[in-house]
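S.K.: pasting the sequence and the predicted model now:
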Amino acid sequence: MSLFNDTQIAFADKSNSQLRKAYWMFKLIEQPALTKIGTRLLNVAVHNNFPFAGDIVKSTLFEQFCGGETREESLNVVNRMYKRGVGSIFDYSIEGKEEESTFDAVCAEIQDIVRFSVGNPALPFIVFKPTAFGRIGLYEKVSKKSTLTDAEQQEWSRIVARFDAVCGLCHENGKKVMIDAEESWMQDAVDWLIEEMMEKYNAKEAIVWNTMQMYRTGRIEYMQQNLKSAKEKGYFIGYKIVRGAYMEKERERAAEMNYPDPIQPTKEASDKNYNDAIDFVMANLDCVSAFFGTHNEISSELVIEKMKANGLQNNDPRIFYGQLYGMSDNITYLLANKNYNVAKYLPYGPVKDVVPYLTRRAEENTSVAGQTGRELSLISRELKRRNGK
């Protein structure tokens with residue numbers, strides 16, 4: 001029986017009406033065809049300022065998966081979760097922009113988040129996406145070690161400067177920063193850049209953290225090489241360990257361009273790779289810290305078992321757990337209840353700008369085996385419990 005079945009702990013902050021709304025939303029998300037049509041219509045409606053479109057999004061998907069339109073508005077959620085021992089990671093969820101002015105604006109926003117979070121233990125991590133700081137095409141070209149034009153070299157220098165501005169500010173203020181993973185064809189450039197930042201800022205502790213997508217092949221090997229380099233150069237490593245989010249896109253591109261599929265061949269292989277990453281971290285705690293980002297109950301239980309086997313305290317500062325806001329509260333709040341370090345990714349931003357993130361989140365939910373059904377069964381069980389049935 002799963003450790004994570006206590007719905008009373010999971011939904012203590014939710015009213016009956018909030019649970020019923022969440023139930024019907026997950027019920028809709030459970031239908032892939034309906035989700036695909038609905039999310040496309042939402043994107044068009046919000047982008048074209050259709051009357052009431054923003055209000056519909058705000059009272060449904062936005063309310064379930066976002067903290068608010070601003071950091072200040074989101075503090076209500078931050079403070080409520082922290083009362084129960086759950087941290088928040090502000091995720092400025094603006095996607096799909098490719099202008100230099102937008103990259104600069106997002107970089108400034110991330111730096112504002114750093115300053116906003118200083119001294120607040122409820123906000124343990126900063127996070128950003130590499131593609132929020134530069135064009136995917138340029139990361140791809142750097143990953144291939146292609147020769148850059150003078151203009152591209154200047155553009156790459158601006159990306160490096162944005163990374164350095166955020167990582168340096170986090171180092172000055174003792175805040176940890178996690179840099180999200182991207183598609184495999186641009187990830188090498190991201191890895192190299194993060195390694196530079198680790199070498200520069202992780203001499204005393206893991207300030208800069210990379211993200212490992214374990215549904216990919218070759219990630220354990222990368223971690224082993226990264227560890228060797230870290231020990232030679234004298235810096236600490238931080239990893240966010242996740243399964244991954246771009247499987248269909250990765251496979252389609254590999255087939256189209258006739259290169260080896262970078263995704264593990266089966267779900268079982270992905271799960272094994274994730275578990276191997278847990279073992280890797282536990283064997284190298286002298287140098288490696290980890291944030292286990294997962295909605296998988298078996299993986300979460302495995303980390304707990306490994307921590308016990310290694311004689312670690314529940315709140316050992318080198319181990320964090322994380323889930324997305326609006327999902328897997330049964331995991332998050334059980335862990336917090338038992339004094340483990342746990343935090344929710346908390347997206348925020350103007351409704352219109354956050355819609356691409358929200359629709360991606362809804363579509364991902366339909367493709368994660370059993371996730372939506374698990375949410376529905378937990379909500380249903382809690383509503384029955386409250387009604388004495």
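M.R.: Done, it's in.
S.K.: strands along this structure, start to end?
M.R.: Applying DSSP state E to the chain gives strands spanning 87-92, 125-128, 176-179, 208-213, 237-242, 288-293, 319-324, 342-348.
S.K.: any chance of the ones you listed in a markdown table, plus distance to Phe62, mean pLDDT and mean neighbour count?
M.R.: Backbone N, C-alpha and C define where each C-beta goes, glycine included. As requested, the strands of the chain are exported to a markdown table (distance: least, CB to CB, whole Å; pLDDT from 0 to 100; neighbours: other CB atoms under 10 Å):
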| stretch | distance to Phe62 | mean pLDDT | mean neighbour count |
| --- | --- | --- | --- |
| strand 87-92 | 13 | 95 | 24 |
| strand 125-128 | 19 | 97 | 24 |
| strand 176-179 | 23 | 98 | 23 |
| strand 208-213 | 25 | 98 | 26 |
| strand 237-242 | 23 | 98 | 23 |
| strand 288-293 | 22 | 98 | 23 |
| strand 319-324 | 14 | 96 | 24 |
| strand 342-348 | 9 | 95 | 25 |
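S.K.: distance to Cys167 added to the ones you listed, as a markdown table?
M.R.: Putting these into a markdown table (distance: least, CB to CB, whole Å) gives the following:
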| stretch | distance to Cys167 |
| --- | --- |
| strand 87-92 | 16 |
| strand 125-128 | 9 |
| strand 176-179 | 6 |
| strand 208-213 | 5 |
| strand 237-242 | 11 |
| strand 288-293 | 16 |
| strand 319-324 | 19 |
| strand 342-348 | 19 |
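S.K.: the residue lying closest to Asn76 once chain neighbours are set aside and Lys384, how far apart?
M.R.: Leaving aside its sequence neighbours, Asn76 sits nearest to Gly68 (CB to CB, 6 or more residues apart in numbering; 7.2 Å). Counting by CB to CB, to the nearest Å, the separation of Gly68 from Lys384 is 31 Å.
S.K.: look at these two and report which has more neighbours.
M.R.: For Gly68 versus Lys384, neighbours defined as other CB atoms under 10 Å are more numerous around Gly68 (19 against 11).
S.K.: flag the shaky bits of this structure, pLDDT-wise.
M.R.: 1, 32-54, 93-96, 359-370, 389 (pLDDT under 70).
S.K.: which strands and helices sit next to the lengthiest helix in the chain?
M.R.: Assignment by DSSP state H gives helix 150-173 as the longest helix of the chain. Packed against helix 150-173 by the contact rule (3 or more CB pairs under 8 Å, 6 or more residues apart in numbering; DSSP states H and E) you find helix 100-117, strand 125-128, helix 136-143, strand 176-179, helix 184-201.
S.K.: in TSV: these, plus distance to Cys170.
M.R.: Output for the helices and strands packed on helix 150-173, formatted as TSV (distance: least, CB to CB, whole Å):
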stretch	distance to Cys170
helix 100-117	6
strand 125-128	6
helix 136-143	21
strand 176-179	4
helix 184-201	7
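S.K.: which one of the ones you listed lies nearest to Lys14?
M.R.: Closest approach to Lys14 among the helices and strands packed on helix 150-173 is made by strand 125-128 (24.4 Å; CB to CB).
S.K.: strands paired with the closest one, and their directions?
M.R.: strand 176-179 (parallel) (DSSP bridges).
S.K.: how far does the strand it pairs with sit from the chain's center?
M.R.: 11 Å (CA atoms, centre = their mean, to the nearest Å).
S.K.: tell me where the stretch 1-150 of the chain has helices.
M.R.: Counting by DSSP state H, counting those that start in this stretch, the stretch 1-150 of the chain has helices at residues 7-10, 16-29, 32-47, 53-57, 63-65, 71-82, 100-117, 136-143, 150-173.
S.K.: could those go into CSV alongside distance to Ser380?
M.R.: Converted to CSV, those look like this (distance: least, CB to CB, whole Å):
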stretch, distance to Ser380
helix 7-10, 9
helix 16-29, 7
helix 32-47, 20
helix 53-57, 24
helix 63-65, 16
helix 71-82, 23
helix 100-117, 36
helix 136-143, 41
helix 150-173, 42
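S.K.: redo the ones you listed as JSON lines? Include mean neighbour count and distance to Ile331.
M.R.: Below are these laid out as JSON lines (neighbours: other CB atoms under 10 Å; distance: least, CB to CB, whole Å):
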{"stretch": "helix 7-10", "mean neighbour count": "18", "distance to Ile331": "8"}
{"stretch": "helix 16-29", "mean neighbour count": "16", "distance to Ile331": "16"}
{"stretch": "helix 32-47", "mean neighbour count": "15", "distance to Ile331": "23"}
{"stretch": "helix 53-57", "mean neighbour count": "17", "distance to Ile331": "26"}
{"stretch": "helix 63-65", "mean neighbour count": "19", "distance to Ile331": "16"}
{"stretch": "helix 71-82", "mean neighbour count": "17", "distance to Ile331": "14"}
{"stretch": "helix 100-117", "mean neighbour count": "16", "distance to Ile331": "24"}
{"stretch": "helix 136-143", "mean neighbour count": "18", "distance to Ile331": "32"}
{"stretch": "helix 150-173", "mean neighbour count": "16", "distance to Ile331": "27"}
